[in-house]
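1. Have a look at this prediction, sequence included:
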Amino acid sequence: MSTSFATLRAPQQVGGASPATPLFTFDSHEFATCFNQRPFKVAHQLASHPLFELDRLLELARKLPEDLIEYNAGNLPINQDPDKTPRNGLSVTETIERIQTCKSWMVLKQVEHDPAYREVLEACLAEVRPFSEAIAPGMRNAQAFIFITSPGSITPYHIDPEHNFLLQVRGSKVIHLFDGRNRELLSDLDLERFYGGRVRNMTLPDQFKDSSWVNEITPGEGLHFPVTYPHYVQNGPEVSISFSITFRTPDLDRRQAVYAMNSRLRQWGLKPTSPGKHKSVDSLKYFVARVLRKLGQG
């Protein structure tokens, strides 16, 4: 693996003309080799950023619509039925104010609606884009999420649909991430269910429990998550704050459409072929999925 490191710079500050301070440092060869194939660490400069202080996050939470805040008890098993996830009995404000002791997990979604957080997201992705475009062109649908979690909390086993870098700002996390290319672990049917109905939580089979990449991230470190690679997260002994920067690309939209179409075909009693087996069939499924979406049926 190359030992030369690239310090990436956003072309200019959001809303300004002067060069921005570099936010990321990582191995450029590792990025080219591992992006969307396997996890790899990055270094970042957000650990002391005032936007991630609890008082500022409380202010943000009060501004966000209720449907963009998700929180629950944090003492959960790895395999958690999402329909039976217990609440913590507190309000959003109480959860943040008591996060040290209330054994809770919280995510503030799409925080880019706030201009200050949007500026940070755009600055981060401006540094990622020159490298990701060579691998997965067409960066779009950028979104940012902030996770606020109590000591020892668990994020259950699940998958996500976006390109993602999770940046640790406060506290620590141990991330167990599994190879999403293994169809014995994550089947086409699992992906159809996910893309067809967006069932996020999954069940980790016993025989795969020791097959993950294990990465601990601390303030100033981040981790790249390949798309739909299953994972679960265990918080360290302190309150954790993490900033997740995500984006989509056209190939992911196509992948989602084909799997969702396969889910629909299976509901109709058919047995669809796996994505990637026949490009012409995938193209037809993608076309039909787009038509159905325009008709309001997708």
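-> Perfect, thanks for sending it. Remember, predicted model here, so these are calculated numbers, not experimental data.
2. How about the secondary structure of the most far-flung residue of the chain relative to its centre?
-> Ranked by distance from the centre of the chain (Cα atoms, centre = their mean), the top residue is Gly269, with 32.7 Å. Put simply, Gly269 is coil when judged by DSSP: H, G, I helix; E, B strand; the rest coil.
3. next one: Asp160
-> Applying three-state DSSP: Asp160 is coil.
4. host element of Gly196?
-> helix 188-197 (DSSP states H and E).
5. now that helix, how far from the centre of its chain.
-> Put simply, helix 188-197 sits 17 Å off its chain's centre (Cα atoms, centre = their mean, to the nearest Å).
6. Same question for stretch 220-232.
-> With Cα atoms, centre = their mean, you get 7 Å for stretch 220-232.
7. just stretch 174-193 next, same as before
-> For stretch 174-193, the distance to the chain centre is 15 Å (Cα atoms, centre = their mean).
8. Likewise for stretch 26-37?
-> 17 Å.
9. Now the helix holding Gly196: buried residues?
-> Asp188, Asp190, Leu191, Glu192, Arg193, Phe194, Tyr195, Gly196 (16 or more other Cβ atoms under 10 Å). C-beta here means a position set from N, CA and C on the backbone, and glycine is covered the same way.
10. ok, the fifth one touching Val199?
-> Read that as Arg193. Yes: between Arg193 and Val199 there is a contact under Cβ atoms under 8 Å: 5.3 Å.
11. that older thread, can you name every helix or strand that the helix holding Gly196 contacts?
-> Secondary-structure packing of helix 188-197 (3 or more Cβ pairs under 8 Å, 6 or more residues apart in numbering; DSSP states H and E): helix 250-267.
12. Show me where the stretch 51-200 of the chain has its helices.
-> Along the stretch 51-200 of the chain, the stretches classed as helices by DSSP state H, counting those that start in this stretch are 54-63, 92-97, 115-132, 188-197.
13. between those, which gets nearest to Ile146?
-> For the helices of the stretch 51-200 of the chain, proximity to Ile146 was assessed by Cβ to Cβ; helix 54-63 is nearest, at 6.5 Å.
14. How about exporting the closest one as PDB, limited to the C-alpha atoms?
-> Output of helix 54-63 as PDB, limited to C-alpha atoms (Å, rounded to 0.1, in the frame of the first residue of the first chain):
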ATOM      1  CA  LEU A  54     -24.000  19.700  23.000                       C
ATOM      2  CA  ASP A  55     -25.400  23.200  23.500                       C
ATOM      3  CA  ARG A  56     -25.300  23.900  19.700                       C
ATOM      4  CA  LEU A  57     -26.700  20.400  18.900                       C
ATOM      5  CA  LEU A  58     -29.600  21.100  21.300                       C
ATOM      6  CA  GLU A  59     -30.300  24.300  19.400                       C
ATOM      7  CA  LEU A  60     -30.200  22.400  16.100                       C
ATOM      8  CA  ALA A  61     -32.600  19.800  17.400                       C
ATOM      9  CA  ARG A  62     -35.100  22.400  18.400                       C
ATOM     10  CA  LYS A  63     -35.100  23.700  14.900                       C
END
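15. Noted, bye for now.
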